[in-house]
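Got a sequence here, can you model it:
(one chain, ligands or ions: 1)
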Amino acid sequence: MIEVNQLTKRYGDKTAVRELSFTVRPGHVTGFLGPNGAGKTTTLRMLLGLIEPTSGTATISGHSFRRHPRGLHHVGALLDAGDVHGGRSARAHLRALARSNRIPARRVDEVLAEAGLGGAAAGRRVGGYSLGMKQRLGIATALLGDPPVLLFDEPLNGLDPEGVLWVRQLFRKLAAEGRTVLVSSHLMSEMENTADELIVIGRGELIAAESLAEFSARGTAPTVTVRTPDAGALASALSAEGAAVVPYDKETLKVTGIGSDRIGEIAFEHHVLLRELSTQAASLEAAFMELTADSVEYLAGDPR
Ligand SMILES: Nc1ncnc2c1ncn2[C@@H]1O[C@H](COP(=O)(O)OP(=O)(O)OP(=O)(O)O)[C@@H](O)[C@H]1O
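Down below sits the predicted model:
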């Protein structure tokens with residue numbers, strides 16, 4: 001269990017995290033989402049005791065990391081995959097960590113295999129690794145102490161599609177084992193098939209803490225595309241039923257607030273011929289962008 005309570009971090013007059021409170025429960029993959037600069041990394045670093053909060057608390061399994069350091073058995077984390085000595089092999093890197101954390105050496109080969117870095121790859125210098133391989137090594141490092149709590153900062157960065165699939169399955173397995181798994185990302189599309197719980201922040205503040213299902217429900221309503229040679233007549237009939245109708249081109253309407261079945265009935269009642277009637281599901285990415293629009297630090301084309 002991770003508990004963040006009224007957590008604040010200020011750098012001079014810049015507030016990176018402001019009175020942030022949320023709970024991350026075991027048995028779930030929780031996505032920690034927010035646009036660039038939202039304060040995700042700062043929060044994770046405070047959870048790990050790497051930086052001191054200005055005020056508030058961040059605890060893992062009931063205690064602050066700094067006061068009760070239990071190393072890799074307590075919490076595993078991937079913060080910056082590039083932050084590894086490039087001259088060492090993955091195996092040597094993990095062996096050194098295992099030794100200093102009193103972890104048996106056989107665990108090194110277990111996590112290397114789990115991360116897809118077994119065989120020859122384990123003996124190669126990390127400096128020659130691709131970003132995706134470094135991410136795999138970072139994940140292997142987080143798993144080394146078999147911890148009940150795992151934190152991953154942007155773990156999908158640099159992974160190929162096969163790697164993304166592997167990470168998703170691994171996170172689900174870790175959660176099914178009853179662990180607490182917190183995964184940060186600035187992309188909803190990455191979390192859509194990865195997380196089942198979400199914490200969304202923007203400009204250091206909490207925007208939403210809910211399940212993915214709840215988040216989907218609050219999303220943009222589905223849109224129905226209707227194509228007909230009588231677009232004007234159908235638009236009036238649909239508007240009279242309370243639908244929101246936006247003309248797309250001469251023959252096409254985009255309709256929200258009313259389902260495709262009812263649109264078909266109304267068209268039938270008004271003797272309007274339909275050439276297309278299709279529903280586009282609400283996009284989570286659109287809902288996320290809508291929700292965080294006010295907290296994006298730098299918008300494309302924004303002269304700020
Ligand atoms: N050491 C620091 N000194 C000053 N400002 C900082 C420092 N660290 C972070 N910040 C600022 O705090 C804010 C939050 O940064 P943080 O890296 O936590 O965001 P993030 O959500 O992880 O974003 P990203 O996805 O871009 O990494 C940003 O505006 C950042 O510039």
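
could you list every residue that touches residue 247?
231, 235, 253, 254 (C-beta atoms under 8 Å, 6 or more residues apart in numbering). From N, CA and C alone the C-beta is placed, and that goes for glycine too.

out of those, which is most surrounded?
residue 253 (21 neighbours; other C-beta atoms under 10 Å).

quick check, nearest of the contacts of residue 247 to the ligand?
residue 254 (33.0 Å; C-beta to the nearest ligand atom).

Mind jotting down where the helices sit in the protein?
40-47, 90-100, 106-114, 120-123, 131-143, 161-176, 188-192, 212-217, 231-240, 260-269, 284-292 (DSSP state H).

Quickly note the distance from residue 4 to residue 141.
24 Å (C-beta to C-beta, to the nearest Å).

ok, the closest residue to residue 238 other than its chain neighbours - how many residues close by?
Closest residue in space to residue 238, ignoring its immediate chain neighbours: residue 245 at 5.1 Å, by C-beta to C-beta, 6 or more residues apart in numbering. Residues near residue 245, counting by other C-beta under 10 Å, number 22.

Look up which residues are beta-bridged to residue 245.
Beta-bridge pairing for residue 245 (DSSP bridges): residue 255.

Spit out the contact partners of it.
Applying C-beta under 8 Å, 6+ apart, we find residue 245 in contact with 235, 238, 239, 253, 254, 255.

what about the first one, distance to residue 210?
Spelled out, that is residue 235. 36 Å.

do the fourth one as well
With the distance defined as C-beta to C-beta, residue 253 ends up 33 Å from residue 210.

cool, the last one as well?
For residue 255, the distance to residue 210 equals 28 Å [C-beta to C-beta].

ditto for the third one
Separation of residue 239 from residue 210 (C-beta to C-beta) stands at 33 Å.

Which one's more surrounded, residue 255 and residue 210?
Using other C-beta under 10 Å, the more surrounded residue of residue 255 and residue 210 is residue 255, with 26 against 14.

per-residue confidence at the residue nearest to residue 238?
pLDDT, residue 245: 88.

go on, residue 273?
97.

What parts of this protein come near the ligand?
Residues of the chain lying close to the ligand by C-beta under 6 Å from any ligand atom are 11, 14, 16, 34, 36, 37, 38, 39, 40, 41, 42, 186.

want to try CSV for these, with pLDDT and neighbour count as columns?
Below are those laid out as CSV (pLDDT from 0 to 100; neighbours: other C-beta atoms under 10 Å):
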residue, pLDDT, neighbour count
11, 95, 10
14, 92, 8
16, 95, 21
34, 90, 25
36, 85, 9
37, 87, 17
38, 91, 26
39, 95, 23
40, 95, 24
41, 95, 18
42, 96, 20
186, 88, 19
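
Can you lay out those as JSON lines showing distance to residue 121?
Listed next are those as JSON lines, based on distance: C-beta to C-beta, whole Å:
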{"residue": "11", "distance to residue 121": "39"}
{"residue": "14", "distance to residue 121": "41"}
{"residue": "16", "distance to residue 121": "37"}
{"residue": "34", "distance to residue 121": "33"}
{"residue": "36", "distance to residue 121": "31"}
{"residue": "37", "distance to residue 121": "34"}
{"residue": "38", "distance to residue 121": "34"}
{"residue": "39", "distance to residue 121": "35"}
{"residue": "40", "distance to residue 121": "29"}
{"residue": "41", "distance to residue 121": "28"}
{"residue": "42", "distance to residue 121": "33"}
{"residue": "186", "distance to residue 121": "29"}
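
From those, which land in strands?
Among these, the members falling in strands (DSSP state E) are 11, 14, 16.

so what's residue 174 closest to, chain neighbours aside?
Nearest residue to residue 174 in three dimensions, chain neighbours excluded: residue 181, at 5.2 Å (C-beta to C-beta, 6+ apart).
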